[in-house]
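Novice: Build me a model from this:
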Amino acid sequence: YSYMINLNMRTYAGNIHHFGRPMIEKGRGHILNIASIASFAPAPSEAMYNSSKAFVLALGQAIKYELRNTGVSLTTGCPGFTQT
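Specialist: As a prediction, the model looks like this:
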């Protein structure tokens, strides 16, 4: 599970901080996060995946609010299930 936590939680938070700061300094930019439709509901045997995607969604919502009036916007996409 640590891989999923690193990918879907630490990486998103770190990238927003790393790339967002210069965008704020320039007064423009856009951040795109990809969560999942799975972030809206828990599912048996998918608890870690769904909850990590819920984190991506919640983080995006919070950061979008914090970025207001900076010229930087943030969108979180929640695509549906796909065969991989």
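Novice: Just say helix, strand or coil for Pro42.
Specialist: Counting by DSSP: H, G, I helix; E, B strand; the rest coil, the backbone at Pro42 sits in coil.
Novice: what sits against it?
Specialist: Asn50, Ser51 (C-beta atoms under 8 Å, 6 or more residues apart in numbering). Yep, even glycine has a C-beta here, placed from its N, CA and C like the rest.
Novice: what does the one 4 residues further on give?
Specialist: With C-beta under 8 Å, 6+ apart as the criterion, the residues that contact Glu46 are Ala38.
Novice: now the residue positioned nearest the centre of the chain: how far from Ser73?
Specialist: Per C-alpha atoms, centre = their mean, the C-alpha nearest to the average position across the chain is that of Val56, at 3.3 Å. Plainly put, Val56 is 17 Å away from Ser73 if you go by C-beta to C-beta, to the nearest Å.
Novice: The residue nearest to the centre of the chain contacts Ala38, correct?
Specialist: No. At 10.4 Å, Val56 does not count as touching Ala38 under the criterion of C-beta atoms under 8 Å.
Novice: Would you tell me which helix is longest in this protein?
Specialist: When the chain is parsed with DSSP state H, its longest helix is helix 47-66.
Novice: Next, the buried residues of that one.
Specialist: 49-57, 59-60, 63-64 (16 or more other C-beta atoms under 10 Å).
Novice: Among these, which one lies nearest to His18?
Specialist: Ile63 (12.9 Å; C-beta to C-beta).
Novice: Pass me the low-pLDDT residue ranges in this protein, would you?
Specialist: Judged by pLDDT under 70, the chain has no weakly predicted residues.
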